[in-house]
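>>> Got a sequence here, can you model it:
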Amino acid sequence: MTKGITIVGLGPGDPAHWTVEARGVLAKAQEVHLRTRHHPAVAALPPHLTVHSFDHLYEEGETFDQVYRAIAERVLDLGQRPQGVIYAVPGHPLVGEESVRRILEGARERGVPVRIVAGLSFIEPVLTHLELDPLSGLQIVDAMDLAARHHPNLDPDLPALVGQLYCRELAADVKLTLLNLYPPEHPVTLVQAAGTAEEASRTFPLYELDRQEGMDDLTTLHVPPLPRPSSLTTLQDVVAHLRAPDGCPWDREQTHQTLRPYLLEEAYEVLAALDADDPQLLREELGDLLLQILLHAQIAVEEGEFSLAQVAESIIAKLIHRHPHVFGDVMVADAQEVIRNWEQLKREERGERGGIFSGIPASLPALACSQEIQKRVARLGFDWPDREGVWAKVEEELRELREARGEGRAREFGDLLFVLVNLARWLGVD
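A predicted model of the protein is given here:
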């Protein structure tokens, strides 16, 4: 053994799954450092080995991030000894091993050589147990990463594995995230100790996930696809097919301009569904509106203008930038302060692209345009001090309209409408 770091994968549990290379490295070694002793294969390590573990760091660290950082630093230090270090981890070193990722980053910075000795990961025995082909679009996510999300980063039309679901508390958070995408009754399968003599699984509805017993580091959740096509990706593919040479003649003929009336019509139908307080109708109308958005995005792709991913990129960046109290360290007292910050950030953005009225669509209906203009100037302080001033202005404009003659009537009528829109804003009437 020479200076450097050798990272050995101990497989999913049964030492029979060790690779020939891993077995050879362990047979020749004098000592080995384990991320954890809590793994079935540890009992089969060669008896001559001096075995160390980093389990004590899990007790000392307040977060997993601190633990893995500490492990990586220690392994990097050991790797610079003349004899180097052998670091052994469950499964495959590059599958679900955060400490290994940190070690690799640190080793590149310090110029420490690293050798990866592959091991069977937890994935292969789980696939064998479930008889799954990973090339069927299998998605693999870490339970802690999924639990930290507010919406799952999964395609519901494809199978998924959630690895390292080690306790019921974590399962509860994973369940809440999955329920943003899957119905409560969706069947899921919990696979435990795959690749060992204790291998077992059971299937149950998603809502029962955090009621299951016996979860540990060798527990994996299988989430099958929804029974009917349901993902945004599938919908994009359907729209692209409609626009393809073998698609629909009507859809192929459409342009951004020919679709304009349909976009407006579908938006109004969404509003009608909201006014009707009908969730099922709203679901249908939102789908029709989404179709219009995807059609425009597909046309843009074909014209080389932009993609739906770029649309998402823009709005994600905008939302994060305008919510520093959520994604940054800005403190706010209430919703009003949020609005003030939002408007300030918008003004900063307009400083790059235009003035206060930039972004008001020219095609906006006249009353809606007037309402938006007056809302914007009011935020800058150009407003009546109280409602009585607005009433007085209404009476003034009404008097001027009565006295107007000829072409002046249209102008005075417009002035009256403008101030009536302002009054509606003061009265809270849309």
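
>>> what's the longest helix in the chain?
Longest helix in the chain, counting residues (DSSP state H): helix 279-302.

>>> Determine the set of other helices and strands touching that helix.
Other elements packing on helix 279-302 under the criterion 3 or more C-beta pairs under 8 Å, 6 or more residues apart in numbering; DSSP states H and E are helix 232-243, helix 260-276, helix 308-321. Using the backbone N, CA and C atoms, a C-beta is placed for each residue, glycine as well.

>>> Tell me, how many residues neighbour Val168?
One thing to correct before we go on: residue 168 is Arg, not Val. 15 (other C-beta atoms under 10 Å).

>>> Which residue, other than its chain neighbours, is closest to it?
Asp210 (5.2 Å; C-beta to C-beta, 6 or more residues apart in numbering).

>>> same thing with Lys393?
Sequence neighbours aside, Val419 is the residue nearest to Lys393 in space, at 4.9 Å (criterion: C-beta to C-beta, 6+ apart).

>>> With Arg411 instead?
Here the residue nearest Arg411, using C-beta to C-beta, 6+ apart, is Ala404, at 7.5 Å.

>>> ok, the one you found to Leu158 distance?
67 Å (C-beta to C-beta, to the nearest Å).

>>> re earlier: can you tell me the SS state at the residue nearest to Lys393?
Look at Val419: counting by DSSP: H, G, I helix; E, B strand; the rest coil, its state is helix.

>>> now it: how far from Glu412?
Val419 is 11 Å from Glu412, by C-beta to C-beta.

>>> Repeat that for Pro225.
From Pro225 to Glu412 the distance is 64 Å (C-beta to C-beta).

>>> And for Leu427?
22 Å.

>>> Who has more neighbours out of these two?
Glu412 (18 against 10).

>>> Can you mark which positions in the strand or helix carrying that one are buried?
For Glu412, the host element (DSSP states H and E) is helix 408-427. Buried residues in helix 408-427, counted by 16 or more other C-beta atoms under 10 Å: Glu412, Asp415, Leu416, Phe418, Val419, Leu420, Val421, Asn422, Ala424, Arg425, Trp426.

>>> can you list those residues in JSON lines and add distance to Asn180 and pLDDT?
Shown next, in JSON lines, are the buried residues of helix 408-427 (distance: C-beta to C-beta, whole Å; pLDDT from 0 to 100):
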{"residue": "Glu412", "distance to Asn180": "54", "pLDDT": "77"}
{"residue": "Asp415", "distance to Asn180": "50", "pLDDT": "74"}
{"residue": "Leu416", "distance to Asn180": "49", "pLDDT": "77"}
{"residue": "Phe418", "distance to Asn180": "44", "pLDDT": "76"}
{"residue": "Val419", "distance to Asn180": "46", "pLDDT": "75"}
{"residue": "Leu420", "distance to Asn180": "43", "pLDDT": "78"}
{"residue": "Val421", "distance to Asn180": "39", "pLDDT": "74"}
{"residue": "Asn422", "distance to Asn180": "41", "pLDDT": "74"}
{"residue": "Ala424", "distance to Asn180": "37", "pLDDT": "74"}
{"residue": "Arg425", "distance to Asn180": "36", "pLDDT": "75"}
{"residue": "Trp426", "distance to Asn180": "39", "pLDDT": "72"}
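
>>> Point out where the stretch 201-350 of the chain drops to low pLDDT.
Scanning the stretch 201-350 of the chain with the threshold set as pLDDT under 70 gives 345-347, 350.

>>> Now do the same for Arg23: helix, strand or coil?
helix.

>>> residues near it, how many?
15.

>>> which ones are touching it?
Arg23 makes contact with no residue, according to C-beta atoms under 8 Å, 6 or more residues apart in numbering.

>>> run the last query once more with 10 Å
Neighbouring residues of Arg23 by C-beta atoms under 10 Å, 6 or more residues apart in numbering: Val8, Pro15, Ala44, Pro46, Val117.

>>> Give me the pLDDT for the closest residue to the second one other than its chain neighbours.
So the one you mean is Pro15. Excluding its sequence neighbours, the residue lying closest to Pro15 (C-beta to C-beta, 6+ apart) is Ala44, at 3.6 Å. At Ala44, the model reports a pLDDT of 92.

>>> Report the contact partners of Ala44.
Taking C-beta under 10 Å, 6+ apart as the test, what Ala44 contacts is Leu10, Asp14, Pro15, Ala16, Trp18, Arg23, Leu26.

>>> quick one: it and Gly13, what's the gap?
Taken as C-beta to C-beta, the span from Ala44 to Gly13 is 10 Å.

>>> follow-up on the earlier one: any idea which of the helices and strands packed on helix 279-302 gets closest to Arg149?
With distances scored as C-beta to C-beta, the stretch of those nearest to Arg149 is helix 308-321 (14.1 Å).

>>> name the helices or strands packed onto that closest one?
Secondary-structure packing of helix 308-321 (3 or more C-beta pairs under 10 Å, 6 or more residues apart in numbering; DSSP states H and E): helix 232-243, helix 279-302, helix 324-327, helix 335-353.

>>> could you dump that helix to CSV, C-alpha only?
Written as CSV, here are the backbone C-alpha positions of helix 308-321 (Å, rounded to 0.1, in the frame of the first residue of the first chain):
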residue,chain,number,x,y,z
LEU,A,308,-40.0,25.1,-22.5
ALA,A,309,-36.9,24.4,-20.4
GLN,A,310,-35.8,28.0,-21.0
VAL,A,311,-39.3,29.3,-20.1
ALA,A,312,-39.0,27.4,-16.8
GLU,A,313,-35.4,28.6,-16.3
SER,A,314,-36.6,32.3,-16.6
ILE,A,315,-39.5,32.0,-14.2
ILE,A,316,-37.5,30.0,-11.7
ALA,A,317,-34.8,32.7,-11.7
LYS,A,318,-37.4,35.4,-11.3
LEU,A,319,-39.2,33.7,-8.4
ILE,A,320,-36.0,33.1,-6.5
HIS,A,321,-34.7,36.6,-7.1
